[in-house]
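Peer 1: got a predicted structure plus its sequence, pasted below:
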Amino acid sequence: MGYKVNKVLRNILSGTDNALDLRNIKYLPRWAVYLIDLSLVAISTLFTVLLIIDLTPNYYTVLSFYDKAFIVIAVHIFYFYIFKTYAGIIRYSSNIDALKLLLATMSSFFTLLVINYITFFVIGKKIFLVGGLFINLCISFSLLFLFRLGVKQIYEYFKLVSRDEDILNAVILGADENAISIAGALDIEIPRRFKIVGFLTNEKHNKSIRLLDKPVINYSSEIHKAVQSVNAEAVILSENNFTAEEKFNFVKDCLENDIKVFNAPIVSTWGEDTQPIANKVKSLQIEDLLEREPIRLNPENKIEQLTGKTILVTGGAGSIGSEIVRQVAQYNPKKLIILDQAETPLHTLSLEVNAKFPELDCKFIICDVGNLKRLELMFQNQNIDVVYHAAAYKHVPLMEENPHEAVFVNIQGTKNLADLSLKYKASHFVMVSTDKAVNPSNVMGASKRAAEMYVQSLYHSKIKEDPNTTKFITTRFGNVLGSNGSVVPLFKKQIEKGGPVTITHPDIIRYFMTIPEACQLVLEAGAMGKGGEIFIFDMGEPVKIMDLAIKMIKLAGYDPNKNIKVKITGLRPGEKLYEELLNDECKTLPTHHKKIMIGQEVVRDHELIKEKIEKIISSANSLKAEKMVKKLKILIPEFKSNNSLFESLDNKEEVISE
């Protein structure tokens, strides 16, 4: 009978048959905790009075019971506010919360004691029995403490009876306060994803040390052995003081031994939202495994260039452009103009920017950079100081099939903006380029190289006439993790669908960086550039795409070629096995930042380049693809097509007539 009653109660309280589910109760708001604490103080005061009446017939009558209760509660209100005893989440109450309660109640006790003796010295009578105050201290602290302990135990109970939850045995990497807080929170979180079975540390210690009644295990270079020693299936990273190489090595060790890896945020950043703590613990992202230290640049040197200025960002709705917009907006520009031809992404960005920066003067313009008249009208009306040119077509296979579009946007669009920036005296023009412009093997890369050549030669031709001319600056970097068209979001989608993950060639390699890093480089280039430079980023070691795919599959919790297949599809038109940041003739110069270099490309005569580019644009307008690409190859002799319809042009010696 008792078992049946207990089972019914469990079903009622844990959600069976559409009944009440205590696991779904949200966190108590601060005001509710405050009122509950004050109610407990009132109850303890009542108990104290009842005890004193029962123990002694002699008690002070200077004030009535209600007056005394008012004073006691008022003092507690003050100290609860001072020590913020109501601010914590009850189910996560810790020793710190108990200490706050003790300090608040002790402070109340001593304050009431002071009031008591001040009254005695003034009128010769006391308000409270000292013993009564002490009894009230003990009772109130006990009730407040037991309330929090009771809530924790209730949630712990329903955590244990919860059903159908896939719980992973996990260890926390780290043994500091952040790790302990994460473990404590995850232990009582509902719905539960993790059962914390220990802590990992590389510090030597006594094997009997335990935290939260869980073992603290020392690990060496092979972290998986320590994890497996406590039958754990996952590791949660709680520390941020690892180098990129250290993190990569132990994550690699875990993945090779089928151990899942998760990231946990710093506890101080959790805030007061009601999202379950377990949901804040995310699967490790491939961005976290770059085999180099992230680049961090000093924001101070961008203030002079951006604050109070009118800034134009072309391609502003794209992955790179939108991040440039977010970073520029933080410098309080006078006006931020965001231009793109993609209507829906631009609208989405406008909602985001207006919400995050309501005081910022923003203008969103739908325009193709090939539309010279529309661009000129904008320059006439806006008095633009700085241009960040991120608008471009960048998908290699599509540009092989539509080469005239690469010319219209990447070459003609850049020429339009550069000419207008010069005409309307913008101080800086910063162009976003790509490593595919180096020894290009496709139309997209060649079009970006032609754009580089135009803006660089334009600056060198005008600086002789006017030392204060527009500073034309180019930034060149490799693939950007998470950007539109990057392999990372493609692989993620393929993994979510169950595969296969498609790779064009098993030996293909690429340089990678994150979107924020890429945009930091663009802003830094604009700030440090003197004009005519091509800034190149030290992107560390190149990444083998096959290895990238294998890591992403393992990070998602699958076995490569078992749960998720890896399929080789063959190189796409214009694609090559590796990219370069410099060609053979280019030399580099250092800058004030060890990760940023200046590539010294050969600067050609501007008038000659301009003439050739105009002929290329003319052929594009006629939609004569072969003739146009041939002229592009004449402009850029190192442009050799790879796996493309235009390979035959590299073997022809005849010159196509103009």
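Peer 2: Yep, that arrived.
Peer 1: which residues of the stretch 551-658 of the chain score low on pLDDT?
Peer 2: Low-confidence segments of the stretch 551-658 of the chain (pLDDT under 70): 574, 576, 578-589, 592, 652-658.
Peer 1: quick one: the helices in it, in order.
Peer 2: Shown for the stretch 551-658 of the chain, the helices assigned by DSSP state H, counting those that start in this stretch span residues 606-621, 625-635.
Peer 1: ok, then the element right after the biggest helix by length in the chain?
Peer 2: Longest helix in the chain, counting residues (DSSP state H): helix 130-161. Counting by DSSP states H and E, the element after helix 130-161 in chain order, helix or strand, is strand 168-173.
Peer 1: residue 216: which element?
Peer 2: Going by DSSP H and E, residue 216 is in strand 214-218.
Peer 1: how about that strand, which residues are buried there?
Peer 2: Within strand 214-218, the residues scored as buried using 16 or more other C-beta atoms under 10 Å are 214, 215, 216, 217. In this view, the C-beta of every residue, glycine as well, is placed from N, C-alpha and C.
Peer 1: quick check, pLDDT for the second one.
Peer 2: Here the pLDDT value assigned to residue 215 is 84.
Peer 1: so what sits opposite the residue lying closest to it once chain neighbours are set aside in the bridge?
Peer 2: Distances taken as C-beta to C-beta, 6 or more residues apart in numbering place residue 198 nearest to residue 215, at 4.6 Å, with adjacent residues excluded. Residue 198 has these beta-bridge partners by DSSP bridges: residue 171.
Peer 1: what is the neighbour count of residue 198?
Peer 2: When neighbours are counted by other C-beta atoms under 10 Å, residue 198 registers 23.
Peer 1: quick check: it touching residue 218?
Peer 2: No: the criterion here is C-beta atoms under 8 Å, and residue 198 misses it with residue 218 at 10.9 Å.
Peer 1: center of the protein - which residue?
Peer 2: Centroid-nearest residue in the chain, with C-alpha atoms, centre = their mean: residue 516, separated by 8.8 Å.
Peer 1: so what's it up against?
Peer 2: 323, 327 (C-beta atoms under 8 Å, 6 or more residues apart in numbering).
Peer 1: report the mean per-residue pLDDT for the helix or strand harbouring it.
Peer 2: According to DSSP H and E, residue 516 maps onto helix 515-528. On average, the pLDDT along helix 515-528 is 82.
Peer 1: what's the answer for stretch 250-269, then?
Peer 2: 72.
Peer 1: mind checking how far it is from the chain centre?
Peer 2: 16 Å (C-alpha atoms, centre = their mean, to the nearest Å).
Peer 1: in PDB, could you pull the C-alpha coordinates for that stretch?
Peer 2: Output of stretch 250-269 as PDB, limited to C-alpha atoms (Å, rounded to 0.1, in the frame of the first residue of the first chain):
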ATOM      1  CA  PHE A 250      43.600  17.100 -25.300                       C
ATOM      2  CA  VAL A 251      40.400  17.500 -27.400                       C
ATOM      3  CA  LYS A 252      42.100  15.400 -30.100                       C
ATOM      4  CA  ASP A 253      42.900  12.700 -27.500                       C
ATOM      5  CA  CYS A 254      39.300  12.700 -26.300                       C
ATOM      6  CA  LEU A 255      37.800  12.500 -29.800                       C
ATOM      7  CA  GLU A 256      40.100   9.600 -30.800                       C
ATOM      8  CA  ASN A 257      38.900   7.700 -27.800                       C
ATOM      9  CA  ASP A 258      35.200   8.400 -28.400                       C
ATOM     10  CA  ILE A 259      34.900  10.800 -25.500                       C
ATOM     11  CA  LYS A 260      32.500  13.800 -26.100                       C
ATOM     12  CA  VAL A 261      33.700  17.300 -25.400                       C
ATOM     13  CA  PHE A 262      31.600  20.200 -24.200                       C
ATOM     14  CA  ASN A 263      32.300  23.900 -23.400                       C
ATOM     15  CA  ALA A 264      30.900  25.600 -20.300                       C
ATOM     16  CA  PRO A 265      30.700  29.400 -20.000                       C
ATOM     17  CA  ILE A 266      32.200  31.300 -17.100                       C
ATOM     18  CA  VAL A 267      29.700  31.300 -14.300                       C
ATOM     19  CA  SER A 268      29.900  35.100 -13.800                       C
ATOM     20  CA  THR A 269      28.500  35.500 -17.400                       C
END
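Peer 1: ok, and for it, which residues are buried?
Peer 2: 250-255, 259-262, 264-265, 267.
Peer 1: which neighbouring elements make contact with the helix or strand hosting residue 246?
Peer 2: Here residue 246, judged by DSSP H and E, is contained in helix 244-256. On a contact count with 3 or more C-beta pairs under 8 Å, 6 or more residues apart in numbering; DSSP states H and E, helix 244-256 meets helix 223-229, strand 260-263, helix 545-555.
Peer 1: now render those as a markdown table, adding distance to residue 538.
Peer 2: Formatted as a markdown table, those follow (distance: least, C-beta to C-beta, whole Å):
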| stretch | distance to residue 538 |
| --- | --- |
| helix 223-229 | 29 |
| strand 260-263 | 25 |
| helix 545-555 | 20 |
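Peer 1: got the domain ranges for the protein?
Peer 2: Here the domain parsing of the chain from automatic domain parsing is 2-161, 168-284, 299-635.
Peer 1: for these, give me JSON lines that also has distance to residue 645.
Peer 2: Shown next, in JSON lines, are the domains of the chain (distance: least, C-beta to C-beta, whole Å):
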{"stretch": "domain 2-161", "distance to residue 645": "60"}
{"stretch": "domain 168-284", "distance to residue 645": "40"}
{"stretch": "domain 299-635", "distance to residue 645": "7"}
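Peer 1: and residue 643, which of those domains is closest to it?
Peer 2: domain 299-635 (4.9 Å; C-beta to C-beta).
Peer 1: roughly how far is the closest one from the heart of the chain?
Peer 2: For domain 299-635 - counting by C-alpha atoms, centre = their mean - the centre lies 21 Å from the chain centre.
Peer 1: got it, and stretch 167-184?
Peer 2: 21 Å.
Peer 1: return the set of buried residues in it.
Peer 2: In stretch 167-184, counting by 16+ other C-beta under 10 Å, buried: 168, 170-175, 178-184.
Peer 1: again, but for stretch 223-234
Peer 2: Result for stretch 223-234 [16+ other C-beta under 10 Å]: buried residues 223, 224, 226, 227, 230, 232, 233, 234.
Peer 1: list the contacts of that stretch.
Peer 2: With C-beta under 8 Å, 6+ apart, stretch 223-234 has contacts from 168-171, 173, 194, 197-198, 200, 215, 217-220, 235, 250, 253-254, 256-257, 259-262.
Peer 1: name the helices or strands packed onto the helix or strand hosting residue 98?
Peer 2: In this assignment (DSSP H and E), residue 98 forms part of helix 95-123. Packing contacts for helix 95-123, counted by 3+ C-beta pairs under 8 Å, 6+ apart, involve helix 65-83, helix 130-161.
Peer 1: recalculate using a threshold of 10 Å.
Peer 2: helix 30-55, helix 65-83, helix 130-161, helix 177-187 (3 or more C-beta pairs under 10 Å, 6 or more residues apart in numbering; DSSP states H and E).
Peer 1: please state the offset of the shortest one from the chain centre?
Peer 2: Computed by C-alpha atoms, centre = their mean, the chain-centroid distance of helix 177-187 equals 22 Å.
Peer 1: for it, list the C-alpha coordinates in PDB.
Peer 2: Below are the C-alpha coordinates for helix 177-187, written out as PDB (Å, rounded to 0.1, in the frame of the first residue of the first chain):
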ATOM      1  CA  GLU A 177      35.700  27.900  -8.200                       C
ATOM      2  CA  ASN A 178      34.200  28.100 -11.800                       C
ATOM      3  CA  ALA A 179      34.500  24.300 -12.200                       C
ATOM      4  CA  ILE A 180      32.900  23.700  -8.800                       C
ATOM      5  CA  SER A 181      30.000  26.100  -9.500                       C
ATOM      6  CA  ILE A 182      29.400  24.400 -12.900                       C
ATOM      7  CA  ALA A 183      29.400  21.000 -11.300                       C
ATOM      8  CA  GLY A 184      27.000  22.100  -8.500                       C
ATOM      9  CA  ALA A 185      24.600  23.700 -11.000                       C
ATOM     10  CA  LEU A 186      24.600  20.700 -13.400                       C
ATOM     11  CA  ASP A 187      24.100  18.300 -10.500                       C
END
